[in-house]
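> Model the structure of this input:
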Amino acid sequence: MASQPLQSSTFESLLPKLLTVLELTRKTELTGTTQQSKQELLHATNDFKESLSRAKEMANVLPGGELLIEEQDEIIAMLERLKEKKSQQLAEFSEQELTTANHTQQVQMEIDSTASTPA
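Below is the predicted model:
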């Protein structure tokens, strides 16, 4: 199960299935219990329970699920600080002047003047 990708449809189907169970329960309260309504409710309830079980299994194998909320918050805060530091370093680096182009031109001029000077 851990190698399978997360299927959001499993989670998206939970609410409609729960609503079906609730609607059937309400229907049996209003109209009375029949064998057919019992079967429909049983089928809907089992379908919801199976989907919920599948969703729990999928959630349990997600990476990072072993961390507490506080630990996750600490990691997120640390990553945000790291991101801010890297952004600041990048901004400082982009503000620096590039002197290599000027230096290269000066060296080229020195070579040219040396080459054109009679010996």
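> Please work out which residues outside stretch 71-82 touch it.
With CB atoms under 8 Å, 6 or more residues apart in numbering as the test, stretch 71-82 has contacts from 64, 67. Just so you know, the C-beta spots here come from the backbone N, C-alpha and C atoms, and that holds for glycine as well.
> Any idea how far that stretch is from the middle of the chain?
Mean-position distance between stretch 71-82 and its chain equals 14 Å (CA atoms, centre = their mean, to the nearest Å).
> ok, which stretches of this protein are helices?
8-12, 14-31, 35-60, 69-95, 100-116 (DSSP state H).
> Among those, show the one with the smallest mean pLDDT.
Ranked by mean pLDDT, those end with helix 100-116 at the bottom, a mean of 62.
> coming back round to it: redo the helices of the chain as a markdown table? Include mean neighbour count.
Shown next, in a markdown table, are these (neighbours: other CB atoms under 10 Å):
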| stretch | mean neighbour count |
| --- | --- |
| helix 8-12 | 11 |
| helix 14-31 | 13 |
| helix 35-60 | 14 |
| helix 69-95 | 10 |
| helix 100-116 | 9 |
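> Now do the phi/psi pair for residue 32.
Phi and psi for residue 32, reported as degrees, to the nearest 10, are phi 100, psi 160.
> separation between it and residue 38?
Distance of residue 32 to residue 38, given as CB to CB, to the nearest Å: 11 Å.
> same check, this time on residue 23
Plainly put, residue 23 is 15 Å away from residue 38 if you go by CB to CB.
> Could you report the separation of residue 28 from residue 46?
Counting by CB to CB, the gap from residue 28 to residue 46 is 16 Å.
> er, residue 32 actually
22 Å.
> So residue 18 versus residue 64, what's the distance?
Per CB to CB, residue 18 is found 27 Å from residue 64.
> go on, residue 25?
As for residue 25, its distance to residue 64 is 37 Å (criterion: CB to CB).
> And for residue 97?
43 Å.
> Please apply the same query to residue 70.
According to CB to CB, residue 70 stands 13 Å off from residue 64.
> confidence score at residue 7?
78.
> Not counting sequence-adjacent ones, nearest residue to it?
The shortest distance from residue 7 to any non-neighbouring residue, by CB to CB, 6 or more residues apart in numbering, is to residue 58 (7.1 Å).
> That concludes my questions; thank you for your assistance.
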